[in-house]
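> the sequence isn't on hand, but the structure is:
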């Protein structure tokens with residue numbers, strides 16, 4: 001049996017209540033949180049359990065997805081990805097991704113994004129995906145370019161993070177560009 005949610009290295013799946021400890025661990029790494037634009041006050045184990053429970057029971061709304069990224073090799077949660085700013089009328093959405101530090105540089109992010117984009121383009125009929133990356137985040141800039149995203153502009157001094165205003169590099173890829181670059185085998 002094949003699944004649209006399985007790539008070469010990862011499986012995207014719903015967040016389960018028992019995933020709370022993995023997400024608490026990711027949540028405690030400020031660099032991972034900062035790159036995902038989510039730095040916030042520390043959360044308790046109880047609060048993270050409640051968040052995971054809410055995610056597990058939260059239905060899909062307007063194609064906004066919040067998914068766990070699980071390694072196929074180890075069946076371990078290695079991060080999360082989401083779709084955001086979905087507009088069926090415009091045919092456009094954005095995505096976010098965060099990989100736990102101990103799981104980075106293993107191809108999980110690239111594979112997860114391919115699975116997510118394939119679903120949104122092939123199953124939900126979206127035309128374009130956009131992504132914003134802080135200019136200091138070399139790994140994420142390389143990820144977007146490696147996936148075939150095109151640089152569309154820079155929003156200067158866009159957000160305050162890590163004690164300074166940061167530029168945000170805006171990327172985009174169309175369904176056709178994605179299909180040409182990531183042909184199914």
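Ah, there it is. Note that the structure is predicted; figures quoted are calculated from it, not measured. Residues are numbered from 1 along each chain as shown.
> which one's the longest helix in the protein?
When the chain is parsed with DSSP state H, its longest helix is helix 108-122.
> please enumerate residues in contact with it?
4-10, 12, 63, 65, 67, 69, 71, 78-79, 81, 83, 93, 95, 97, 99, 126-127, 129, 143, 146-147, 173, 175, 178-179, 182, 184 (Cβ atoms under 8 Å, 6 or more residues apart in numbering). Quick note: C-beta positions are derived from backbone N, CA and C, even for glycine.
> can we see that at 6 Å?
4, 7-10, 12, 69, 78, 81, 97, 99, 126, 129, 143, 147, 175, 178, 182 (Cβ atoms under 6 Å, 6 or more residues apart in numbering).
> same check on stretch 154-169?
34, 132, 133, 134, 135.
> first-to-last residue distance for that stretch?
Stretch 154-169 has an end-to-end distance of 4 Å (Cα to Cα, to the nearest Å).
> buried sites along it?
158, 161, 166, 168, 169 (16 or more other Cβ atoms under 10 Å).
> ditto for stretch 54-64
So stretch 54-64, judged by 16+ other Cβ under 10 Å, has buried residues 55, 63.
> average pLDDT for that stretch?
Averaging pLDDT along stretch 54-64 yields 85.
> how far does it sit from the chain's center?
15 Å (Cα atoms, centre = their mean, to the nearest Å).
> list the contacts of that stretch.
15, 16, 17, 66, 83, 86, 124.
> mind listing what the fourth one touches?
For residue 66, the residues meeting the contact criterion (Cβ under 6 Å, 6+ apart) are 55, 82.
> if we can go back for a sec, just the buried ones from the contacts of stretch 54-64, in ChimeraX syntax?
Selection of buried members from the contacts of stretch 54-64 for ChimeraX, criterion 16+ other Cβ under 10 Å:
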select :15,83,86
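> returning to that earlier point: just the contacts of stretch 154-169: which are in strands?
Secondary structure from DSSP state E places 132, 133, 134 of these in strands.
> the first one and residue 13: what is the separation?
Plainly put, residue 132 is 25 Å away from residue 13 if you go by Cβ to Cβ, to the nearest Å.
> dump the ones in strands among the contacts of stretch 154-169 to CSV, plus neighbour count, distance to residue 48 and pLDDT.
Shown next, in CSV, are the ones in strands among the contacts of stretch 154-169 (neighbours: other Cβ atoms under 10 Å; distance: Cβ to Cβ, whole Å; pLDDT from 0 to 100):
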residue, neighbour count, distance to residue 48, pLDDT
132, 19, 26, 95
133, 22, 26, 94
134, 19, 25, 92
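> distance between the longest helix of the chain and the chain's centre?
Distance, stretch centre to chain centre, for helix 108-122: 9 Å (Cα atoms, centre = their mean).
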